[in-house]
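Engineer: got a structure for you, letters missing:
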Ligand code: GLN
């Protein structure tokens, strides 16, 4: 196996016993990038020089025995997290030249843990999308089938891990943008509890729903990444000051006598038969692992997508008001007066999906419609959260498919926003309720496309997710395949 194909924990071992250097690992990642990036397009920006310099420094530290949890480990960052002195575009023309003067907290934490940053990963513009096709910088392709989408909005971060163009990566999840691409690319992706990971320096889409989380090659790596990025941040007002357990301790524990809820509303028409079969098989694996699966109900499931597509655009319309060409980012040329500058900057700076969201959100918040849309959606959101509160009374975790279908073709849903929105039916409710979720590979379709199973737990119970995901990963023995690029 090449170094770039290994997991964080495998590389940690090799670094500790001096059998590899950080420079060798980083070089192997960049030689993979040289070989496949032109076809996959995981990245908006590569940081090769900085990465090799950081690797050389890491090698000095390693020689001194100063080894931190991510020393020498190449990590990719979704281009939505601010990196000091390094262009951060959010996949948009309006920020194509934005160089943040500060680092996001997640970047600071990873850097302090020794991570080597490889590049800024491609994404749907402002994280609005499920396919990475709305990026101003062009689409990312699914490493398992280059004709297909990798999922979104964190498609670049997911594809980079799946294609071994980095060891692990960071994404953000507002309605499924970590879990859905993780499922479609055959890797592990976790959305932590709202408030668990600081959003300081995360470019805002829908602030009451956004969370940062990791993409990794296995569950143990997910625990390692969570150990680093989770925790209270005084710079972020919704960050929660609660103890962070060592997530690694949940690896390898059994799930005997756990109750696993299977929501009947998630086994609906429209779910691909091969996805359905893979999930049924996952349920059997959980039962063979000692878990007891019980049918539960989340009665407001059918309202999740509609509720989300009021709340998320409403928050987005407010958050995106700051992009007006005045202080930073793109500014339209050849304009005569201020109002015209605002208008033309926004007209040229935003893509059509972002404009659609701004219009929906502005409408939903406008006088006369606020009560009918935004207020109503907020009330339904409370009911959706209540569904989960009730469901978790008898259950430890909930098991669902992550996505209704495997990866679809590039262009297949771009003309039909509703179809695109429906690819998040199983992930959106998690964000509305603020609870954590993880997607873990659970098999392949007959065409060789990956399928993911999702586990959900109560607030701040990421440890339970690591525990069941690692038990599942161990007992399901999903065939280890790599995309043939
Ligand atoms: N696909 C959903 C949307 O377009 C979710 C995106 C996300 O989680 N950032 O809004």
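Structural biologist: Noted; the coordinates are in hand. Remember, it's a predicted structure, so these values are computed and weren't measured experimentally.
Engineer: how about the strands in the stretch 351-485 of the chain?
Structural biologist: Applying DSSP state E, counting those that start in this stretch to the stretch 351-485 of the chain gives strands spanning 397-401, 437-444, 450-456.
Engineer: Figure out which of these is closest to the ligand.
Structural biologist: strand 437-444 (11.4 Å; CB to the nearest ligand atom). All C-beta spots, glycine's among them, are computed from the backbone N, C-alpha and C.
Engineer: Just checking: what are the partner strands of that closest one?
Structural biologist: In the sheet, strand 437-444 lines up against strand 188-191 (antiparallel), strand 450-456 (antiparallel) (DSSP bridges).
Engineer: Deepest in the core, which of the strands of the stretch 351-485 of the chain is it.
Structural biologist: Using mean count of other CB atoms under 10 Å, the stretch among the strands of the stretch 351-485 of the chain with the greatest mean number of neighbours is strand 450-456 (a mean of 28).
Engineer: hmm, who's touching it?
Structural biologist: Applying CB atoms under 8 Å, 6 or more residues apart in numbering, the contact partners of strand 450-456 are 144, 179, 182-186, 274-275, 278-279, 282, 388, 397-403, 406-407, 426-427, 430, 435-445, 465, 468-469, 472.
Engineer: redo that, cut-off 7 Å
Structural biologist: For strand 450-456, contacts defined as CB atoms under 7 Å, 6 or more residues apart in numbering pick out 144, 179, 182-186, 274-275, 278-279, 282, 397-403, 406, 426, 430, 435, 437-445, 465, 468-469.
Engineer: Taking strand 397-401 as reference, get the angle to that strand.
Structural biologist: Here strand 450-456 runs at an angle of 150 degrees relative to strand 397-401 (axes from the mean of the first three to the mean of the last three CA atoms, to 10 degrees).
Engineer: does the ligand sit close to strand 450-456?
Structural biologist: No: counting by CB under 6 Å from any ligand atom, the ligand has no neighbours in strand 450-456; the shortest distance is 13.7 Å.
Engineer: chain center to that strand: distance?
Structural biologist: Centre-to-centre, strand 450-456 and its host chain are 13 Å apart (CA atoms, centre = their mean, to the nearest Å).
Engineer: So which bits of the stretch 101-250 of the chain are right by the ligand?
Structural biologist: Neighbours of the ligand within the stretch 101-250 of the chain, by CB under 6 Å from any ligand atom: 127-130, 153, 173-177, 205.
Engineer: Going along the chain, name the helices of the stretch 151-300 of the chain.
Structural biologist: Under the criterion DSSP state H, counting those that start in this stretch, the stretch 151-300 of the chain contains helices at 155-162, 179-185, 219-229, 273-288.
Engineer: Can you list the neighbours in contact with the third one?
Structural biologist: Under the contact criterion CB under 7 Å, 6+ apart, helix 219-229 has outside partners 7-9, 69-70, 106, 109-110, 113, 168, 188, 190, 192, 197, 212, 214, 216, 246-248, 250-251, 440, 462, 466, 469-470, 473.
Engineer: Quick one, which of those are buried?
Structural biologist: Listed as buried from the contacts of helix 219-229 are 7-9, 69-70, 106, 109-110, 113, 168, 188, 190, 192, 197, 212, 214, 216, 247-248, 250-251, 440, 462, 466, 469-470, 473; burial here means 16 or more other CB atoms under 10 Å.
Engineer: out of these, which are inside strands?
Structural biologist: Per DSSP state E, strands hold the following members of those: 168, 188, 190, 212, 214, 216, 440.
Engineer: State the pLDDT value of the nearest residue to the fourth one once chain neighbours are set aside.
Structural biologist: Nearest residue to residue 212 in three dimensions, chain neighbours excluded: residue 197, at 4.6 Å (CB to CB, 6 or more residues apart in numbering). Per-residue confidence for residue 197 comes out at a pLDDT of 98.
Engineer: Good, wrapping up.
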